[in-house]
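Structure of the sequence below:
(2 chains)
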Number of protein chains: 2
Amino acid sequence: MSKENKIPYKIYLEESEMPKQWYNLRADMKNKPAPLLNPGTLQPMTAEELGGVFCEELVQQELDNDNAYIDIPQEIRDFYKMYRPSPLVRAYCLEEKLGTPAKIYYKFEGNNTSGSHKLNSAIAQAYYAKKQGLKGVTTETGAGQWGTALSMACSYLELDCKVYMVKVSYEQKPFRREVMRVYGASVTPSPSDTTQIGRKILAEHPGTTGSLGCAISEAVEVAVSNPGYRYVLGSVLNQVLLHQSVIGLETKAALDKYNITPDIIIGCAGGGSNLGGLIAPFMGEKLRGEKDYRIIAVEPASCPSFTRGKFAYDFADTGMVCPLAKMYTLGADFIPSANHAGGLRYHGMSPVLSQLYADGYMEATTAIQTDVFEAAETFARVEGILPAPESSHAIKVAIDEAMKCKETGEEKTIVFGLTGTGYFDMVAYEKFHDGEMNDYIPTDEELAEYAAKLPKVE
Amino acid sequence: MSKENKIPYKIYLEESEMPKQWYNLRADMKNKPAPLLNPGTLQPMTAEELGGVFCEELVQQELDNDNAYIDIPQEIRDFYKMYRPSPLVRAYCLEEKLGTPAKIYYKFEGNNTSGSHKLNSAIAQAYYAKKQGLKGVTTETGAGQWGTALSMACSYLELDCKVYMVKVSYEQKPFRREVMRVYGASVTPSPSDTTQIGRKILAEHPGTTGSLGCAISEAVEVAVSNPGYRYVLGSVLNQVLLHQSVIGLETKAALDKYNITPDIIIGCAGGGSNLGGLIAPFMGEKLRGEKDYRIIAVEPASCPSFTRGKFAYDFADTGMVCPLAKMYTLGADFIPSANHAGGLRYHGMSPVLSQLYADGYMEATTAIQTDVFEAAETFARVEGILPAPESSHAIKVAIDEAMKCKETGEEKTIVFGLTGTGYFDMVAYEKFHDGEMNDYIPTDEELAEYAAKLPKVE
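The predicted structure is shown next:
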């Protein structure tokens, strides 16, 4: 089993090699992502309008389609040093298990208490809120990684943090909620009676267990109606992809150090923040015509926005208080089947990634849930790490690609994003072990019904 | 907040700098730890007798008081590379929060799915079992870290793994159990009707929720009565401390790289494996008279074997099927108060550490539970990592020592072991937040009662 290869199991950059700037993919895109629209006027949101919801500097980042590199403030770099660089791992044991000639690498973002890559943007957003002199921030969380990450960042910077947690998760994941309490956040199950929109939804649907779109509406309402608060979001937005570019920049620096050029880059996709971050510098090279890579987004078959959604303007939230974004979407009311475990349940997709996909720069595919958990378990048993259900979508497709190499004998280099750990997802693993997990896929009729309700925007 | 120091936040050794040998502290001890005794004859256990319970090579390691260095087999080193080297972290943010001139470092062993240092010995024990051609191993687990670690190691080596889990943990920690299932282990709540001793205990105490000592007895019985099986133990034994020396060796190599000499080394102590591993090379220097360090063991006030136990021969398990060990012990029947959260609940202590403590080479102190959780939360909020309750005993005393430095102005260098993460301990954190945690400390009368039952051995 001895490995005499020169490539270590884990490539860690030195602290001095960590990125000092984020990379803004939009600067290299010929077709820029479409602007956000004001939900009232359907006109592009101005910086001033966005400033009512988001922090000033984040608004600038959101609207910046031109500057390719943006400095990472020293304070954020210091925070990054507490849990970054994350390792780029050579999956020697998985390769051996599969008997594939492919070389598999994964960028592991789970070695921090939030358990995922979400912390990369949480600290950035909290930092700019603090810099602006705000009292606190509000947000929503579904599975809980984003809420945890934001609580950690706010606790570090001594900012108040109000989290609206989808009710079903709040009840089923008390431990996630408890972790947020360790970091001093207030966590409210959504829909709640603390907001107008929450009370309205509760009145209309008394038994509802909540949705991400609804929790977003509540968090935005609280932010805009409380002086000194702003709303922050963990995915989808351009600014979030910008912050997450640290994943891809580190990955590329680590590969470059050993003269490795990937053939295929794979990431799971819910709102797109991890995928957008991982592929950023590679996609940049592709956009500039310097290199070519196969880039694959993997989404759950139960929430297939890229592969079965429409590329259209849609609301970001159920309450329709947020700006509209042009993106691949299943419709703002779409909620994946109750049987769907883990995250990746957002109805839309990052406008940046949506534009790139529409322009043919990347592929997308889906995976069904039981296949995903099977891949997760295979991975855990040989590589040690128990992966998050979200990340396991990427594992599933990485294994598929590696098995194709086994057939053809090609020694392709595959890189995938292992966004997080599954320590708070054991209920889902239990269902998988007990054979209680199904693979419900929405029918064409269902999707058509949601699509018919998309707002009409030219 | 910017840190221009030369010492990075995290010191990672290169793969090539990782230890190739374990360090056997006993070789440098003038007073060797007392031998294990046969529970029937009360004579020192021979290698042959021990071979009925433990794997052959592990028996050699258990009895080896002479060889200072023992090669780590290549296969184990390969496995170590999947999750090691673990980082030695400079706690810049904690120092700033405390306003102390002390320099605080911690060796973080929690970045693997077992969530603790236990994996270092689990893979070694599983490897030797595999090498001997065994079918599988049996063990007990309380809080669950050890059982998880062993399942991971066995899954990697394709060995069968039977875990007896203390019933109260089995019921209160279903997620730990589920992680073990991911790795293919069979997990049985103890006491169970699958063993003679289990049935006996159930008959005598029908409502019992189990204890570590009882689970050990069951696991040993299954090992000795099933051909092709041996028993493995996650702490206390000499062999386990040997394997865990990888923690201290890495710590020392990382410190040496930056010419840092610690003044104080702090570790939590239950059975002693983490502490024994962390201090090994430092204690070696101290024993050889080359250097001096303050070495502090921290134990729960609710289970104070070092500070309030007897240094005497005692049974390692409730069923009295295991060898007797000379150690600091509270008596084999001692079980900490039901309110005690987390691990560190074993009645005895590593014979190696017991001898060193008796000979004055180290100090021991206790911490009460609510202080420990308060320290844990302080740490989590500034350093990001949510620590295990066990590890937080070391955090508590590290903070105390750092605050003494603040008073005196001394710039001491403090190193402590952060053995694991608390992701599966959120019930305990919840109790802490809700004010439902108490600080029960056993009375002198209680302890005297247990001590009176210690076996009479000359």
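
A:Leu344 contacts A:Gly270, doesn't it?
Yes. Using Cβ atoms under 8 Å, A:Leu344 is in contact with A:Gly270, at 3.5 Å. (Glycine included, C-beta is placed from N, CA and C.)

Report all helices and strands that the least confident helix or strand in chain A by mean pLDDT contacts.
The weakest-scoring helix or strand in chain A, judged by mean pLDDT, DSSP states H and E, is helix A:167-172 (a mean of 87). Contacts defined by 3 or more Cβ pairs under 8 Å, 6 or more residues apart in numbering or on different chains; DSSP states H and E place helix A:167-172 against strand A:186-190.

Tell me the buried residues in the next helix or strand after the strand it packs on?
Per DSSP states H and E, the first helix or strand lying C-terminal to strand A:186-190 is helix A:196-204. By neighbour count on 16 or more other Cβ atoms under 10 Å in any protein chain shown, the buried set for helix A:196-204 is A:Ile197, A:Gly198, A:Ile201, A:Leu202.

How is A:Ala215 assigned, secondary-structure-wise?
Following DSSP: H, G, I helix; E, B strand; the rest coil, A:Ala215 is assigned to helix.

excluding its backbone neighbours, what's nearest it?
Counting by Cβ to Cβ, 6 or more residues apart in numbering or on different chains, A:Glu140 is the residue found nearest to A:Ala215 once chain neighbours are left out, at 3.4 Å.

Contacts made by the helix or strand containing the one you found with the rest, please.
Following DSSP H and E, one finds A:Glu140 within strand A:136-141. Contact with strand A:136-141 is made by A:125-126, A:129, A:146-148, A:150, A:154, A:159-166, A:169, A:190, A:212, A:215-216, A:218-220, A:222-223, A:226, A:228-234, as judged by Cβ atoms under 8 Å, 6 or more residues apart in numbering or on different chains.

before we move on, the earlier item: tell me the bridge partners for the residue nearest to A:Ala215.
A:Tyr164 (DSSP bridges).

now the residue of the stretch 351-458 of chain A at minimum distance from chain B: how far from B:Tyr423?
Nearest residue of the stretch 351-458 of chain A to chain B: A:Met426, at 3.8 Å (Cβ to the nearest Cβ). For A:Met426, the distance to B:Tyr423 (Cβ to Cβ, to the nearest Å) stands at 10 Å.

rewinding a little: just the CA coordinates for the strand holding A:Glu140, please, in CSV.
Presented in CSV, the C-alpha positions along strand A:136-141 are these (Å, rounded to 0.1, in the frame of the first residue of the first chain):
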residue,chain,number,x,y,z
GLY,A,136,-25.7,43.3,13.4
VAL,A,137,-26.8,41.2,10.5
THR,A,138,-29.7,39.0,9.7
THR,A,139,-29.9,35.9,7.6
GLU,A,140,-31.7,32.7,6.9
THR,A,141,-30.4,29.2,7.1
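
Quick check: next helix or strand after that strand?
helix A:145-157.

helices or strands next to that next one in the packing?
helix A:119-131, strand A:136-141, strand A:160-166, helix A:174-182, helix B:369-383.

Mind doing that once more with 7 Å?
On a contact count with 3 or more Cβ pairs under 7 Å, 6 or more residues apart in numbering or on different chains; DSSP states H and E, helix A:145-157 meets helix A:119-131, strand A:136-141, strand A:160-166, helix A:174-182.

Would you single out the least confident of these?
Of all these, the minimum mean pLDDT falls on helix A:174-182 (a mean of 93).

residues near the residue lying closest to A:Leu119 once chain neighbours are set aside, how many?
Spatial nearest neighbour of A:Leu119, chain neighbours left out: A:Ala149 (4.2 Å); criterion: Cβ to Cβ, 6+ apart. A:Ala149: 29 surrounding residues under other Cβ atoms under 10 Å in any protein chain shown.
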